Structure formats: C-alpha cells, structure tokens
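Peer 1: heads up, no residue letters with this:
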C-alpha cells in the first residue's frame, strides 16, 4: 500500500497551488526558451538565460518539489507537517520572488527589483527550512532519508543566501572575488546540494514503495549521502578559498560516486520489484535517472579542464545546465506528478466513499493518452534541444523549444483535468 | 457458494467483500495482493481479520483499515468486527495470488 495520504497529511490547499503554479511556470519557461533561442549560443551569463535558468530551477523544479514534499513529509518522517500556515506564507513569498527574479533577470534590472526578489526568495527558504527542521525533530524514526531531506533544505538555504549576496553585489560590489566564481558555487550548491540530495532522499523511499521492492541495501545510501556532501563542501570551499582547480576532479569523483551509488540502489529496487509493469509515471522517472548520466559525464570531463576551444566549452556548459534542469529534473517531475497529484485529489474527493461505493481510481483522474503523448513529445524535444545547443544551430534549438512547449501544454491540460476533477462514480 | 451454509458461507462472503477493497495506486484488490492473512468468523466472536501492508510502517494503514471496515460494515451491518494490522510474517511477493501476479505483470 502506498502511503501518500494519511490523517497527518496537510490540507490540499497547501499542496495543490504549488502544482498549478509549477505547471504555469513550466509553460512560461518553454515559451521563453522559444523566444530566446539565440541566447543558447554563447555565454551562460546572459540575462535571458539567467531568467530561464531561475524559472526552471525555482518556478518549475523547486515549486513542484516543495508542493510534493509537503505532501510526502508526513509519509517519510511519520509525523505531521510542523506548520501549514508557514507553508502557505512560504508559497506566497516564493511565488512572488520567482516572478520578480525572472522579470529582473529578463530585463536585467539588477538594482532594487532583483534585491527585492532575492529577499523574498531567501525569506521563503528560511521559512521552508524552519518547517522542515521542526517537522523532522518530531519524527519518531530518523533515518537516512531524513538526513537527505534536512541537509538538502540547508543547501537550498545556503544557495539562496549566496544568491542574495550576489544580487546585492550588482549594486554594492562588496564580494572580494569574481561574480562568475560565486555563480559556479551557487549553481553547484543548488544542483547537487538541493536537487540531487533531496531527490536521493525522497526517491530512495518512494521508488521502492511504488515498485513494491524489498530487502534493499541501504548502506549505499549512507555512503552516497556522505560522498555527495563531502564532495560538494570541498568543491565550494576550495573554489572560494583557493580558487584552485587542481582538486576539482577529486570533488567531481566524490559527488559522482555518491550519485552512482544512489543509481545502483535504484537499479537494485528495479530488479527486485514485484510490480513488473511500469506505469507512465515510473517510466518518466527512470528516464530522468538515465538523463542524469549526461551531466555526470560532462561534469567529470569539465573537472579535468579539457582543452576544448572556448566557444565549444560554453556550449558544453549550456548542455550541462539544460540536461540537469530540462532533462533530469523535468523528466522526473513530469512523471512523478502523475504518481502524486491524482492521488492527492483522489483522496480528497473519494477516500470517504472507498469501501462503500465503486469509485474511480487515481489514474482515472487524468488522460493516460495525453501523458503517453507528452512522454513521446518530451523524449523527442530534449535530444533535439541539446543537439541544437551543442551544434550552436538556432533553428534546431527552436525546433526543440517548440516540442518542449508542446509537452508543457499537454502537461498543463492534464494538470487542469486533475485539479478541476469533480466527483464521479465508476459508472 | 450455494453448497455452503452458516459460518462457512459468511466467511466466503467476507472474502468476496475484501476483494472489493482496492489498493488505489496499483488498482489491485488486497486479497490478490496477499495482504489478508486471516479471515475468521464465528457467531460469538464475530468477524476477525488480520491484514498487513506491503511496506512496514506505511502510514496508509489508517486509510486501508477504514476501507476494510467500511466495506464489511456495509455488507454485515449487524456483525462485530475485529480488524488487526499485523506485520508478522512480513509481506512478500510469495503471498500474491496467481491473479495478483498476472495483474502485477509477474511471471511465475
């Protein structure tokens, strides 16, 4: 039995707005990619790319993850969320912060607008961190997945703090080192510290539950936790203190080994699964984990400081970011949405009738055909987009962006279908 | 079922009722998933059920227990119910019925 809803679960009014906002941000994000395809040829420190990256990382990725996490925390930590009101205020500050930040970057208003945006976001991260810490403290069963969740929320806070310092540094230059150096640290804290750590923690619990897998080797997860944290801390400190690149391969190796151990855990869960037939949500999720190999390979290559020409190296950096945000994270969300959101809505509308009436199932709340189509379109879009970026051909990037936009439209249709669902009996 | 009378007949009806309780995520009933460990019925003790869940400590327990209770109360409004959630023996795929294995896509 899969535990997504209990008496400890938060109200749908805490969770569902995150899914709706995330879906809207995704469609806006894809539209902006289409509008600014030429920005994908050149340096990553480009106003439009910064807007797109932050919309992808915050408006899309983090937004959905926050919503899902509020729903899953009581399941994972076996205790209710510390404060639903705090979660609602966090949502408002976070949404306002994302809109303001994307608008500031897009127009490159690096004065007061970006400072307001960064303060709003940092405030939301602090509130989120408080909610996580106080929820985790009540957990009767603190395990490695709790470590992952708590640590990832700390990394999110640090990422936001550094981002805020950088936002103020535009107007009041006080940082003693290059902005690009801080940008690298900020990006890796966000990617490895927040996203990867959190996905490892939540995924290590949810994927085996969805697959009905048992007797898994959790030592891999313990090792993964320490390797990623040591690697990321070393990378951040070394970049900041010594500005040295000599040890980068070592940090890349530590982080990569941690991720590989996590993937090995998932492989074991997959092999030992009782539920042989994967639904589309799980297919999307496993596709996401396959996409993770792209940034892993690029990360290792870059850490060895290869002698690529500068123009090509910039395109490789862009492929790295694209494969993380539009590959790994997007594919995971596009799939896991259909494992969580229909369940949340179903429980709200149907659980009181279960056992008394023949009701629809969560999977009946959305169109399977549309998700299948979304999966096919997305799987076409991403390679096209990455090829376009790598080859620096605007037309191919635009084609990929159009396909990605189509996938986003299909996703949004299904989200609307789920959240607007009204009670029906099976007949 | 016409060949059965009294307590045996009710036990079979209980079994059939439990087959209407689905795991909403998987869409398979709890009997075919092998989650029902014991079904007992007697006039004096009423209906006694032992069920488990596929994951220990799963907080979905309250919902599935409510579903079982609701289904049995609907079918047997005048009977005493005693539904226990048990963890021993731990659930494994060996407990899945042939029909459940087909539904899960397991080859056996």
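Peer 2: Sure thing, it's come through. Just so you know, these numbers come straight off a predicted model, no measurement behind them.

Peer 1: residue A:210 falls within a helix, correct?
Peer 2: Yes - counting by DSSP: H, G, I helix; E, B strand; the rest coil, residue A:210 falls inside a helix.

Peer 1: surely it is in contact with residue A:340?
Peer 2: No - using CB atoms under 8 Å, residue A:210 is not in contact with residue A:340, being 10.3 Å away. Where C-beta positions appear, they are placed from N, C-alpha and C, glycine not excepted.

Peer 1: tell me who's in contact with the residue nearest the centre of chain A.
Peer 2: When CA atoms, centre = their mean is applied to chain A, the residue found nearest the centroid is residue A:61 (3.7 Å). With contacts defined as CB atoms under 8 Å, 6 or more residues apart in numbering or on different chains, the neighbours of residue A:61 are A:195, A:325, A:329, A:330, A:333.

Peer 1: go again with 10 Å.
Peer 2: Applying CB atoms under 10 Å, 6 or more residues apart in numbering or on different chains to residue A:61 gives the contacts A:22, A:25-26, A:29, A:55, A:190, A:194-195, A:199, A:324-326, A:328-330, A:332-333.

Peer 1: need the residues touching each of residue A:210 and residue A:340.
Peer 2: Contacts common to residue A:210 and residue A:340, judged by CB under 10 Å, 6+ apart, are residue A:281.

Peer 1: tell me, how many residues neighbour residue A:129?
Peer 2: 18 (other CB atoms under 10 Å in any protein chain shown).

Peer 1: Three-state assignment for it, please.
Peer 2: Residue A:129 - assigned by three-state DSSP - is helix.

Peer 1: one more: residue B:41?
Peer 2: strand.

Peer 1: relative to chain A, how far out is it?
Peer 2: Applying CB to the nearest CB, to the nearest Å, the value for residue B:41 to chain A is 18 Å.

Peer 1: residue 96: neighbour count?
Peer 2: Assuming you mean chain A. For residue A:96, the neighbour count with other CB under 10 Å is 16.

Peer 1: not quite, go with chain B.
Peer 2: Look at residue B:96: counted by other CB under 10 Å, it has 23 neighbours.

Peer 1: would you confirm that it contacts residue B:33?
Peer 2: Yes - Residue B:96 is within contact range of residue B:33, at 6.1 Å (criterion: CB atoms under 10 Å).

Peer 1: out of the contacts of residue A:61, list just those in strands.
Peer 2: If you go by DSSP state E, the contacts of residue A:61 have nothing in strands.

Peer 1: can you tell me which of those end up in helices?
Peer 2: Judged by DSSP state H, those include A:22, A:25, A:26, A:29, A:199, A:330, A:332, A:333 as members of helices.

Peer 1: what's the burial count for the fourth one?
Peer 2: Residue A:29 has 27 neighbours, counted by other CB under 10 Å.

Peer 1: against residue A:36, how distant is it?
Peer 2: Using CB to CB, to the nearest Å, residue A:29 is found at 11 Å from residue A:36.

Peer 1: try the third one
Peer 2: Summarising the geometry, the distance separating residue A:26 from residue A:36, computed by CB to CB, is 16 Å.

Peer 1: more neighbours, the two?
Peer 2: Neighbour count, other CB under 10 Å: between residue A:26 and residue A:36, residue A:26 has more, with 29 against 18.

Peer 1: now do the contacts for that one.
Peer 2: Shown in contact with residue A:26 (CB under 10 Å, 6+ apart): A:55-56, A:59-61, A:63-64, A:326, A:330, A:333-334, A:404-405, A:407-409, A:411-412, A:415.

Peer 1: for residue A:281, list the residues it contacts.
Peer 2: By CB under 10 Å, 6+ apart, residue A:281 lies in contact with A:210, A:334-340, A:342, A:363, A:371, A:375, B:25.

Peer 1: next up, the contacts around the residue nearest in space to the middle of chain B.
Peer 2: Geometric centre of chain B, nearest residue: residue B:36, 4.0 Å, by CA atoms, centre = their mean. With CB under 10 Å, 6+ apart as the criterion, the residues that contact residue B:36 are B:14-15, B:18-19, B:21, B:29-30, B:49-52, B:68, B:95.
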